[in-house]
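Asks: Sequence unavailable; structure follows:
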């Protein structure tokens, strides 16, 4: 399997996870930004 095939597979997996858990991704992003701004 070539590197390009591996990259495409990883991207597809990421999109699948994001479509299944969109709320979780939003929560993680919100929490991430919140923790950064809290310490600045």
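Replies: Received the coordinates, thanks. Predicted, not measured: the structure shown is a model, and the values here were computed from it. Numbers count the residues shown, from 1 in each chain.

Asks: Next, count neighbours for residue 25.
Replies: Counted by other Cβ atoms under 10 Å, the residues lying close to residue 25 total 13. Where you see a C-beta, it was placed from the backbone N, CA and C, and this is true even at glycine.

Asks: Would you quantify the distance from it to residue 9?
Replies: Per Cβ to Cβ, to the nearest Å, residue 25 is found 20 Å from residue 9.

Asks: just residue 22 next, same as before
Replies: The value you get for residue 22 to residue 9, if Cβ to Cβ is used, is 21 Å.

Asks: Show me where this protein dips below the pLDDT cut-off.
Replies: Using pLDDT under 70 as the threshold, the predicted model of the chain has low-confidence ranges 1, 14, 16-21, 36-40.

Asks: the helices in it, which residues?
Replies: 3-20, 22-39 (DSSP state H).

Asks: who does the last one touch, helix- and strand-wise?
Replies: Think helix 22-39. For helix 22-39, the contact count by 3 or more Cβ pairs under 8 Å, 6 or more residues apart in numbering; DSSP states H and E identifies no helix or strand as a packing neighbour.

Asks: Swap in 10 Å and give it another go.
Replies: In terms of contact count using 3 or more Cβ pairs under 10 Å, 6 or more residues apart in numbering; DSSP states H and E, helix 22-39 is assigned the packing partners helix 3-20.

Asks: tell me the contacts of residue 29?
Replies: Taking Cβ atoms under 10 Å, 6 or more residues apart in numbering, we find residue 29 in contact with no residue.
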